[in-house]
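**Student:** quick one, what's the 3D model for this:
(one chain, ligands or ions: 1)
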Amino acid sequence: MFKLLGALHRSWCSWVAGKSPGCISRIWFGPLPKDSKWVKPGRVTYIEDDVKKTADIVKIVDGVVVVLFNKSREKLIFVRQFRGSVYHGVCSGRNVVMSEGEADLQQFPPEMGITLELCGGAVDKHKSLLEIAQEEVLEECGYQVPTESLQHVFDYRSGVGASSGAMTLFYCEVCDEQKVASGGGVDTEVIQVIELPVEEARKLVQTGAKTNGGPSCMMGLLWFFLHKASN
Ligand SMILES: Nc1ncnc2c1ncn2[C@@H]1O[C@H](COP(=O)(O)OP(=O)(O)O[C@H]2O[C@H](CO)[C@@H](O)[C@H](O)[C@H]2O)[C@@H](O)[C@H]1O
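**Tutor:** Next up, the predicted model:
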């Protein structure tokens, strides 16, 4: 299977263009520096029924996620990108020890860490959630939308076992006229924009297709099919 994935990786690297996921030539693992801007590990201790208990936790950055629907072409919009956390999780399996050193890209091709996700991003600036969602729609997917077109769907928490980021899900309908850029992210971000017909996207939740994209993507899609395309 890994040989097949390796071949897929090579062919995938040869057909991507522009800001499609880039060719990853090396991956290695190491411990978390204390000054990480993105995650902060810690321990919560509490007494429950007179028993002292602990929870080892990771504080992560809160996020926004947008179910983006292009009404002009009846397509749902997704982003594809390499996620180090997913890559590490997939190739380390159930091993709870943090892997260290060089990853074997033949055995574990980089596309094992590629996700299909809804547009979204970190709440890492002093802006409203609506403004952050609006920015992500433009930066990642290339659509210029007014904040009024972002419908707040619900708030939830991502992962409750060890991390618990506050997430906010929005729904936004766009049309072709609002596509002002190709998207693909900013700075060194390498994000591929994928537009799927509704019925193709429905298969992702019907069959539980593995998108690596995490529960936010599945939950956003389930909401869409329940409230916007229920037949
Ligand atoms: N863990 C990480 N390590 C190093 N650099 C990182 C990083 N997370 C983000 N970045 C950097 O920040 C840039 C912008 O990220 P985004 O705003 O798109 O958030 P992202 O969805 O990646 O993850 C963020 O937003 C999601 C919600 O979508 C949160 O759940 C998640 O904790 C948060 O990191 C990335 O290109 C990367 O350079």
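
**Student:** mind checking the end-to-end distance for stretch 90-100?
**Tutor:** Using CA to CA, to the nearest Å, one end of stretch 90-100 lies 15 Å from the other.

**Student:** rounded mean pLDDT for that stretch, please.
**Tutor:** Averaged across stretch 90-100, the pLDDT comes to 81.

**Student:** so which bits of it are buried?
**Tutor:** Residues Cys91 are the ones in stretch 90-100 that count as buried (16 or more other CB atoms under 10 Å). In this view, the C-beta of every residue, glycine as well, is placed from N, C-alpha and C.

**Student:** contacting residues around it?
**Tutor:** The contact list for stretch 90-100 (CB atoms under 8 Å, 6 or more residues apart in numbering) reads Phe29, Gly30, Pro31, His88, Ala103, Gln107, Phe108, Met112, Gly113, Asn212.

**Student:** can you say which helix or strand has Cys91 in it?
**Tutor:** helix 84-92 (DSSP states H and E).

**Student:** could you see whether the ligand lies near that helix?
**Tutor:** No: residues of helix 84-92 contacting the ligand under CB under 6 Å from any ligand atom: none, with a closest distance of 6.8 Å.

**Student:** please apply the same query to stretch 105-118.
**Tutor:** No: applying CB under 6 Å from any ligand atom, one finds stretch 105-118 out of contact with the ligand, separated by at least 7.6 Å.

**Student:** that stretch: end-to-end distance?
**Tutor:** 27 Å.

**Student:** wait, doesn't Asp124 sit right on Gly63?
**Tutor:** No: Asp124 sits out of contact with Gly63 when judged by CB atoms under 8 Å, with a separation of 9.1 Å.

**Student:** neighbour count: the two, which is higher?
**Tutor:** Neighbour comparison, Asp124 and Gly63: the larger count goes to Gly63, with 21 against 12 (by other CB atoms under 10 Å).

**Student:** which SSE is immediately downstream of the helix holding Cys91?
**Tutor:** With elements assigned by DSSP H and E, the helix or strand that comes after helix 84-92 is strand 101-102.

**Student:** what does that following strand contact?
**Tutor:** Contacts to strand 101-102, defined as CB under 8 Å, 6+ apart, come from residues Arg26, Ile27, Trp28, Phe29.

**Student:** among these, who's most crowded?
**Tutor:** Of the contacts of strand 101-102, Ile27 is surrounded by the most neighbours, 17 neighbours in total, counting by other CB under 10 Å.

**Student:** and that one, what does it touch?
**Tutor:** The contact partners of Ile27, by CB under 8 Å, 6+ apart, come to Gly84, Tyr87, Glu102, Ala103, Leu105, Pro110.

**Student:** please redo it, this time with the cut-off set to 10 Å
**Tutor:** Phe82, Gly84, Tyr87, His88, Cys91, Glu102, Ala103, Asp104, Leu105, Phe108, Pro110, Gly113 (CB atoms under 10 Å, 6 or more residues apart in numbering).
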